[in-house]
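Asker: Using only what follows, build the 3D model:
(chains A and B)
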Amino acid sequence: MKPAAFLRLCLLPAAGMFFCQCAAPKSVATAGAVDELDDYADTEVADPLEPLNRATFKLNDGLYTAVLRPISKGYETVTPKLVRTGLDNFFENAKYPVRLVNSGLQGKFRRAGHETEKFAVNTITGFGGIIKQSDRLPHLANIPAEDTGQTFAKWGIGHGPYLVLPVLGPSSLREAAGYAGDYVLNPVNWGVFQSKDALQYIPQGVNTIRSLPAQLEIYDQARKDAIDPYISVRSTFIQNRDAAAKE
Amino acid sequence: MTSRSFLLITAAALLPLPPAFANPAEAQQRLRSAVGEVLAIADGSSSSAAFASKVRPTLERHISFDTMTSRAVGVGWRQFTQEQRKRAVQLFTSVIIRTYTEKFTPGEHPQITYQNAVSPASGRVDVPTRMVYRGSKYNVTYRMENIGGWRIADVVIEGVSLVANYRAQLGPTFSKGGAAAVISSLEQSVSRRS
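Answerer: All right, here's what the predicted structure looks like:
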């Protein structure tokens, strides 16, 4: 074999490797990876309170089955679908301050503008938000909803320990603080801060009941077919919140 | 053929092949065709149980259940015997097919809007979609990988990866009881509601 041909043969693999490294995006495998494209994390969140969390999870599970699920079923039975959709739209529209403030706190001013436009469209042309007219406008149809937990994440605050809150369910230290922020910013709760009159709790009550079917569906999906329902719900919650924070 | 050219061809054939380059358009087309096939089967099924049995061969062709199962188990997969791997893949396939076919209501079609596919790594393409199904909107991303052709390696719904979710569960199961514990827990999951 001529030296030139030998050299060409020797250089072929090296050239191929060089080309691959330059042109192809890099693989992102983790330390405990099964293969080179395996980038899944083995640990998603610290759970130092796992025994207590598991006990609360079990308690909540019983509460959902015994109390909340019958209420949810009853609500779906007695309330026509059209009315349920209208209520969902109304209460989501009313949460505009939560989305506006948190868009601003994250520096997403364009999104804050879109949120304002969406609120105006739905409130004025959608009978106070009952009809979601903004879905007809492509630039307003799919705005990711911002909340306080996402703002904390954007500021670089980690989850902290995973928590299972009584009744409310999966959370983390960061998300629990975020939930408190959302509660204060949501006009549905403002009446409670002004007066202790029982009537002030009606909007809150309606909002809780109307959101039950969707909340329980998410919970059931995470729980169903799980090897370990507690871990499945924890993983679903953490992944969902992390993805929302990145939007 | 001269001996020199024969040598060149033989040597070239023995060279390690470069990794498959990600082709987002090709991967997306493959996904569209898979979704089309699945919806056609759904249209011809009278119940979700009938749909589950009919759709299995199609899903096995388009989804890499081997890849999904190995990653769902995590690093412990290396300690599985060939028999244990085969059994785990069978069981995991049954769990996943049941989970997803139960979400379908025969006669109801999801509206799917495909967005721009991206290639975060060589041999991988993520295809984000927006899905409207029974009045609800979902962001669904299909992770396609070149495993003997473009195949689905994960489904991410509203940011929740199916594989990551099972890894969070099966990883600790393996740590506690090894491959036998993983297979046993998958068997329990399959038999629980069948």
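Asker: quick one: A:N142 and chain B, what's the gap?
Answerer: Distance check for A:N142 against chain B: by C-beta to the nearest C-beta, to the nearest Å, it reads 7 Å. C-betas here are computed from N, CA, C, even on glycine.
Asker: Number of residues surrounding the residue of chain B found nearest chain A?
Answerer: Going by C-beta to the nearest C-beta, chain A is nearest to B:G159 of chain B, at 2.2 Å. B:G159 has 19 neighbouring residues, counting by other C-beta atoms under 10 Å in any protein chain shown.
Asker: can you pull the contacts of it?
Answerer: Going by C-beta atoms under 8 Å, 6 or more residues apart in numbering or on different chains, B:G159 touches A:239-244, A:246, B:139.
Asker: For chain A, just list every one of the helices.
Answerer: A:3-23, A:50-63, A:69-78, A:81-94, A:96-105, A:109-125, A:138-141, A:148-154, A:173-185, A:190-194, A:202-223, A:229-246 (DSSP state H).
Asker: The fourth one packs against which elements?
Answerer: Applying 3 or more C-beta pairs under 8 Å, 6 or more residues apart in numbering or on different chains; DSSP states H and E, we find helix A:81-94 packed against helix A:109-125, helix A:202-223.
Asker: dump the residue contacts of A:V34.
Answerer: B:70-71, B:73-75, B:77-78.
Asker: ok, and which of the residues you listed reach chain A?
Answerer: Within the set of the contacts of A:V34, contact with chain A (C-beta under 8 Å from any C-beta of the partner chain) is found for B:70-71, B:73-75, B:77-78.
Asker: And the residues you listed, which is closest to A:V83?
Answerer: B:R71 (44.3 Å; C-beta to C-beta).
Asker: And the next helix or strand past the strand or helix carrying that closest one?
Answerer: Under the criterion of DSSP states H and E, B:R71 resides in helix B:65-73. As assigned by DSSP H and E, the chain's next helix or strand after helix B:65-73 is helix B:82-101.
Asker: any idea how far the closest residue to B:N165 other than its chain neighbours lies from A:D42?
Answerer: If you skip the residues right next to it in sequence, B:N165 has A:S235 as its closest partner in space, 4.7 Å away by C-beta to C-beta, 6 or more residues apart in numbering or on different chains. Relative to A:D42, A:S235 is positioned 11 Å away (C-beta to C-beta, to the nearest Å).
Asker: Between the two, which is the more surrounded one?
Answerer: A:S235 (24 against 16).
Asker: Verify the stated contact: the more buried one with B:Q169.
Answerer: Yes: using C-beta atoms under 8 Å, A:S235 is in contact with B:Q169, at 7.3 Å.
Asker: hang on, the earlier thing: kindly reformat the contacts of B:G159 as JSON lines and extend each row with pLDDT and distance to A:K196.
Answerer: Shown next, in JSON lines, are those (pLDDT from 0 to 100; distance: C-beta to C-beta, whole Å):
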{"residue": "A:Q239", "pLDDT": "95", "distance to A:K196": "39"}
{"residue": "A:N240", "pLDDT": "95", "distance to A:K196": "35"}
{"residue": "A:R241", "pLDDT": "96", "distance to A:K196": "33"}
{"residue": "A:D242", "pLDDT": "95", "distance to A:K196": "38"}
{"residue": "A:A243", "pLDDT": "94", "distance to A:K196": "39"}
{"residue": "A:A244", "pLDDT": "95", "distance to A:K196": "34"}
{"residue": "A:K246", "pLDDT": "92", "distance to A:K196": "40"}
{"residue": "B:N139", "pLDDT": "93", "distance to A:K196": "41"}
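Asker: okay if I get these as JSON lines plus neighbour count?
Answerer: Formatted as JSON lines, those follow (neighbours: other C-beta atoms under 10 Å in any protein chain shown):
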{"residue": "A:Q239", "neighbour count": "22"}
{"residue": "A:N240", "neighbour count": "17"}
{"residue": "A:R241", "neighbour count": "23"}
{"residue": "A:D242", "neighbour count": "16"}
{"residue": "A:A243", "neighbour count": "18"}
{"residue": "A:A244", "neighbour count": "17"}
{"residue": "A:K246", "neighbour count": "11"}
{"residue": "B:N139", "neighbour count": "17"}
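Asker: quick check, nearest of these to B:A27?
Answerer: So of the contacts of B:G159, ranked by how close each gets to B:A27 (C-beta to C-beta), first place is B:N139, at 18.2 Å.
Asker: If the closest one is in a bridge, with which residues?
Answerer: Here B:N139 sits in beta bridges with B:R130, going by DSSP bridges.
Asker: returning to that earlier point: wait, what's in contact with the residue nearest to B:N165?
Answerer: A:44, B:160, B:164-165, B:168-169.
Asker: any weak-confidence spans in chain A?
Answerer: A:1-31 (pLDDT under 70).
Asker: Please pull out the lowest mean pLDDT helix or strand from chain B.
Answerer: helix B:3-14 (a mean of 50; mean pLDDT, DSSP states H and E).
Asker: Could you pull up phi and psi at B:G44?
Answerer: Main-chain torsions, B:G44, degrees, to the nearest 10: phi -90, psi 10.
Asker: hang on, isn't it packed against B:K54?
Answerer: Yes: using C-beta under 8 Å, B:G44 is in contact with B:K54, at 7.4 Å.
Asker: With neighbour numbers in mind, choose between the two.
Answerer: Set B:G44 next to B:K54 and count neighbours by other C-beta under 10 Å: B:K54 wins out with 15 against 11.
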